[in-house]
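>>> got a sequence here, can you model it:
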Amino acid sequence: MGQYSTPPSQIEVLTIDPLRRFIRRLSVPGANQAVTLYGKPGCHLCDEAKIALERLRMRYPTVIEEVDITRDPALFRLYDIRIPVLEIGDITLEAPIRDAELRQALAAAKKRPAARAPNRSS
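From the prediction side, this is the model:
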């Protein structure tokens, strides 16, 4: 391993623009699954969702894009009391997120091509 290698047990967190997000979601099935986590700093349920994804990472490899809803008034209005909200392909989960439903969503997303990013323009 080189000095810049990331241990396999760490979840890769990306902050990317919408075009790159759209392209990534069109990736080949079987590759790392794109997961968008809508949350905010200090949200313990958001932290628990990340931990749950980490536990399932060996079976369902993921790349997480964290979106801080406090940085966008429209997202804050939409997700304020619903966080954490996870988007896995075309599946959306919101609090409370149970391990069984997370496993089911990851398994379903793994079996089919990734969905296109939803249109968030308002």
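
>>> and the residue found closest to residue 53 once you drop the neighbours it is linked to in the chain, how many neighbours?
Spatial nearest neighbour of residue 53, chain neighbours left out: residue 62 (5.6 Å); criterion: C-beta to C-beta, 6 or more residues apart in numbering. Every C-beta, even on glycine, is put in place using the N, C-alpha and C of the backbone. Residues lying near residue 62 (other C-beta atoms under 10 Å) number 20.

>>> for residue 62, give me the pLDDT.
Listed pLDDT for residue 62 reads 88.

>>> looking at it, it is touching residue 32, isn't it?
Yes - between residue 62 and residue 32 there is a contact at 6.0 Å, judged by C-beta atoms under 8 Å.

>>> circling back to that earlier point, give me phi/psi at the residue nearest to residue 53?
Per-residue torsions, residue 62: phi -130, psi 150 (degrees, to the nearest 10).

>>> who's it bridged to?
Residue 62 has these beta-bridge partners by DSSP bridges: residue 33.

>>> that one: what's it in contact with?
Shown in contact with residue 62 (C-beta atoms under 8 Å, 6 or more residues apart in numbering): 11, 32, 33, 34, 35, 53, 56, 106.
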